[in-house]
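*Asks:* What follows is a predicted protein model with its sequence.
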Amino acid sequence: MRFRMPILFGILLGVAAMSNAAEETPLLAHAPTVSKTHVVFAYGGYLWSVPRDGGDARQLTTGGHEGLPVFSPDGRWIAFTAMYDGNADVFVMPAEGGEPRRLTWHPAADVAVGWTPDGKRVLFYSGREAYADFDRLYTVPIDGGPAEVLPMWRGEEAWFSPDGTRIAYVPNLLWQTSSKRYRGGQTTPIYIVRLTDLALEKVPREKV
């Protein structure tokens, strides 16, 4: 009996330590987007909102397949990518929560990345017109309607200038997000194109 008590005591200490470690494990929240008042992020397949000053996070969506949220310039709307019917499409919803509204219907994957400066259109990339392994950039009205392709022949991540006359974008697909044993580097260039005449500027970047 005198040998069993220390063993039992040790097991209880181990369980307590594991419980404390589980409580201290950070949440795998990702893809945050920030407005003047709130931060919205993806966690567990849902979108969550928390005040910038801190507090409890509030669940915004219930579908379980939402991610990559992006606040509109005025902070009233959230564009995001969801896979409700087995296909990735662009949706929009009020920042305080509500019924998501689907904006794209193409069978190719459409991924939201930003907004036009006036907040009337969502910027997204898609391979819907690609003949190889690359994407193009499009915008779609938040009230619904056909998507319009931007003039660059390829593009991934992108963002408009405040006046809407230029757009910075990454032309190349990041083919492997985890490097594993690869040491060649995947630093992709950033281009800035002036939409009036398509004048192109390449932003210098150090190789990694």
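*Replies:* Ah, there it is.
*Asks:* so what's Leu173 up against?
*Replies:* 133-135, 156 (C-beta atoms under 8 Å, 6 or more residues apart in numbering). (Glycine included, C-beta is placed from N, CA and C.)
*Asks:* most centrally placed residue in this structure?
*Replies:* Nearest to the mean C-alpha position of the chain, by C-alpha atoms, centre = their mean, lies Leu68 at 2.3 Å.
*Asks:* does that residue belong to a helix or a strand, and which?
*Replies:* strand 66-71 (DSSP states H and E).
*Asks:* State the next helix or strand along the chain beyond that strand.
*Replies:* Counting by DSSP H and E, the next helix or strand C-terminal to strand 66-71 is strand 77-82.
*Asks:* what are the pairing partners of that next one, and which direction each?
*Replies:* strand 66-71 (antiparallel), strand 89-94 (antiparallel) (DSSP bridges).
*Asks:* Thr81 is in contact with Val92, correct?
*Replies:* No. The criterion here is C-beta atoms under 8 Å, and Val92 misses it with Thr81 at 10.9 Å.
*Asks:* what residues does the strand holding Leu68 touch?
*Replies:* By C-beta under 8 Å, 6+ apart, strand 66-71 touches 31, 33-35, 40-42, 45-47, 77-82, 91, 95, 100, 111-115, 122.
*Asks:* Repeat that for stretch 29-40.
*Replies:* 41-43, 47-52, 60, 67-71, 75, 78, 95.
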